[in-house]
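1. Provide a 3D model corresponding to the input given below.
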Amino acid sequence: MNKDQLNDKQAFWQPWLSIDTVFCQALVSCGYLSGEQMLRAAGRYRLGRSQDGGVIFWQIDDQGRTRDGKIMYYRENCHRDKSHHPSWASARLKAYYGYDGDLPVERCLFGLHLIGEVGGKVCVVEAEKTAVIMSEVYPQYVWMASGGLSALAAEKLRPLRDHKVVLFPDTDPDGTTYACWKAIAEEASHSFLSPVYVSPLLERHATPEQKAAKIDIVDFLFTPKP
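-> This next block holds a predicted model:
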């Protein structure tokens, strides 16, 4: 297989779907979603499964093209299995075909393919897990994920420029994540019809202990209140 064939990923790596992962099972067993909600969310985001049991968070763009797939591993408590490092479908593709050259991959927001369903706000979080859960907790919004703090950039938000967008960064002790995403929002807002808003929910309401734990909106909503 040559470079051109590898670059034409859409021709041969249609995202396969599967709920046979620890991640999908843990969403239900840990009480985040009901079985019906999990099935609906898995179909919405086209969740897949790698050969070694990881969940594949496919990155599909607003044109329906598969950009890449982030492969992650979870434990039965729905927390990351940090004994397995995340990987990418593109990297495994290169290894499988023995291609040792560069394979340019333009990644996009997880959930970007849902842009056609936008009737209200688009909400962007860090973790794919968070987007999946929140899509059922607050289904009136379209939830997307950057895939991490450093994975967000103004350019990735550009396909959302005709919509109202709210960013929900994770929290931390000194507000670094909030400040970083606010700067990105301000940069992106120059080409948007309305300013990109950054939610201060966690900065205002998370406890010092929660900020030290760097929680996200799902952690905040599902933490029992005293």
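2. beyond the least confident helix or strand in the chain by mean pLDDT, next helix or strand please.
-> In the chain, no helix or strand scores lower on mean pLDDT, DSSP states H and E than helix 3-7, which sits at a mean of 48. With elements assigned by DSSP states H and E, the helix or strand that comes after helix 3-7 is helix 22-29.
3. what's that following helix in contact with?
-> With CB atoms under 8 Å, 6 or more residues apart in numbering as the test, helix 22-29 has contacts from 19, 32-35, 38, 41-42, 47, 53, 55, 72-78, 81, 129, 132-133. In this view, the C-beta of every residue, glycine as well, is placed from N, C-alpha and C.
4. right, and the helix or strand after that helix?
-> Following helix 22-29 toward the C-terminus (DSSP H and E): helix 35-45.
5. buried sites along that following helix?
-> Judged by neighbour count using 16 or more other CB atoms under 10 Å, the buried positions of helix 35-45 are 37-38, 41-42, 44-45.
6. and which of these is nearest Ser90?
-> Tyr45 (18.4 Å; CB to CB).
7. ok, the closest one - contacts?
-> 57-58, 110-111, 128, 131-132, 135.
8. switch the cut-off to 6 Å
-> Val132 (CB atoms under 6 Å, 6 or more residues apart in numbering).
9. and if you look at Phe110?
-> 57, 59, 128, 145, 147.
10. quick one on the thing from earlier: want to throw the buried residues of helix 35-45 into TSV with pLDDT and distance to Gln63?
-> Below are the buried residues of helix 35-45 laid out as TSV (pLDDT from 0 to 100; distance: CB to CB, whole Å):
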residue	pLDDT	distance to Gln63
Gln37	97	28
Met38	97	27
Ala41	97	22
Ala42	96	22
Arg44	96	18
Tyr45	97	17
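11. how about low-confidence regions in this protein?
-> Confidence mapping of the chain against pLDDT under 70 gives the ranges 1-15, 96-104, 118-119, 224-226.
12. in it, which spans are helices?
-> 3-7, 22-29, 35-45, 89-97, 128-137, 154-157, 176-189, 201-205, 208-212, 217-222 (DSSP state H).
13. which of those is buried the deepest?
-> helix 128-137 (a mean of 23; mean count of other CB atoms under 10 Å).
14. quick one: that one to helix 35-45, angle?
-> Helix 128-137 and helix 35-45 are oriented at 120 degrees to each other (axes from the mean of the first three to the mean of the last three CA atoms, to 10 degrees).
15. contacts for helix 128-137 next, please.
-> So helix 128-137 is in contact with 32-33, 37, 41, 45, 57, 110-111, 125, 143-145, 216, 218, going by CB under 6 Å, 6+ apart.
16. what count of nearby residues applies to the closest residue to Trp181 other than its chain neighbours?
-> Nearest residue to Trp181, sequence neighbours excluded (CB to CB, 6 or more residues apart in numbering): Pro169, at 4.2 Å. Neighbourhood size, Pro169 [other CB atoms under 10 Å]: 29.
17. residues touching Pro169, list them.
-> Pro169 is in contact with 177-178, 181, counting by CB under 6 Å, 6+ apart.
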